[in-house]
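In: just coords:
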């Protein structure tokens, strides 16, 4: 089996090595063209050779021999043409003779077929208008502004990195983490968790609320949160931060019916405010939080039993806005 795998792998290695040798040959021609001042006499051919050589080398590094072959097939003849066209572009030695009496020369109107202001004799693209600083050739457009010219940009209307040929990296779960970096590419999750959904042990996220698995504990008749509830509240804070700035949560305080109504409403409000303050200290944006104390007005169990009263003394987290 190992010999069989080696036989399959050998042609790919040979092909890659051969193409790298071709790439070195093209690079040598590009250097020679530069030395012969091809920027002036064969600028377009030189630009085509350099661009396609650059992409062929990048594709070879990525193991894409097929695409590398396509770019080498464009780069090689362009480089040779640049060398051939630039042989007469080298520096010319000028012999200065004694100044003779000037002879009025006839006025000559130089042809300019494309009307770009660059005479055909100096225009490297005489049939296509372009600015003088580009030798009369058009400057390649870059519609998406990603720094990759449209002529070699595989996604010319969507910005993407040069190393991906101007295309954005795929992101199947649309969580902002590219599939190449996403350890859970089919499940959305935050970047700091490598694109995987965070696992919460003490809370459950519902459509309209953040459900907590344990009560939040306070000092008796006070709004001081006990340390036993810190980890639970840290997970609530993380849920809100992971949900993003569009989510707003109402922190609701509730009590049983023991005592005066106004004192219970005040206590429930103070407890809701204390929880809100704790969440803000954990990094939640204050603008995402509302605190409201309802006292005993919204019971979820009967206040005639000890268990019912304990259930009614609670804090709830309601999702009130999610745009």
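Out: Happy to help now that I have it. A quick note: this is a predicted structure, and the numbers were derived from the prediction, not measured. Numbering: from 1, shown residues only.
In: all contacts plus neighbour counts: C-alpha atoms, from now on.
Out: Fine.
In: gap between residue 17 and residue 28?
Out: With distances taken as C-alpha to C-alpha, to the nearest Å, residue 17 is found 17 Å from residue 28.
In: and what of residue 214?
Out: 72 Å.
In: now do the same contact list for residue 185.
Out: Neighbouring residues of residue 185 by C-alpha atoms under 8 Å, 6 or more residues apart in numbering: 171-173, 178-179, 195-196.
In: show me just the buried residues among those.
Out: Buried subset of those (neighbour count, 16 or more other C-alpha atoms under 10 Å): 171-173, 178-179, 195-196.
In: mind putting the residues you listed into CSV with distance to residue 136, secondary structure and pLDDT?
Out: Converted to CSV, the buried ones among the contacts of residue 185 look like this (distance: C-alpha to C-alpha, whole Å; DSSP: H, G, I helix; E, B strand; the rest coil; pLDDT from 0 to 100):
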residue, distance to residue 136, secondary structure, pLDDT
171, 41, coil, 89
172, 44, coil, 91
173, 46, coil, 84
178, 41, coil, 93
179, 43, coil, 90
195, 49, coil, 85
196, 52, coil, 89
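In: dump those residues to a markdown table, plus distance to residue 40.
Out: Below are the buried ones among the contacts of residue 185 laid out as a markdown table (distance: C-alpha to C-alpha, whole Å):
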| residue | distance to residue 40 |
| --- | --- |
| 171 | 44 |
| 172 | 47 |
| 173 | 50 |
| 178 | 43 |
| 179 | 44 |
| 195 | 50 |
| 196 | 54 |
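In: show me where the stretch 101-250 of the chain has strands.
Out: Taking DSSP state E, counting those that start in this stretch, the strands of the stretch 101-250 of the chain run over residues 203-205, 209-212, 247-254.
In: deepest-packed of those, please.
Out: Counting by mean count of other C-alpha atoms under 10 Å, strand 247-254 has the highest mean neighbour count of these, with a mean of 23.
In: so for it, what's the average pLDDT?
Out: In this model, strand 247-254 has a mean pLDDT of 97.
In: which parts of this protein are helices?
Out: Along the chain, the segments classed as helices by DSSP state H run 2-35, 38-41, 43-61, 65-85, 230-243, 261-281, 306-312.
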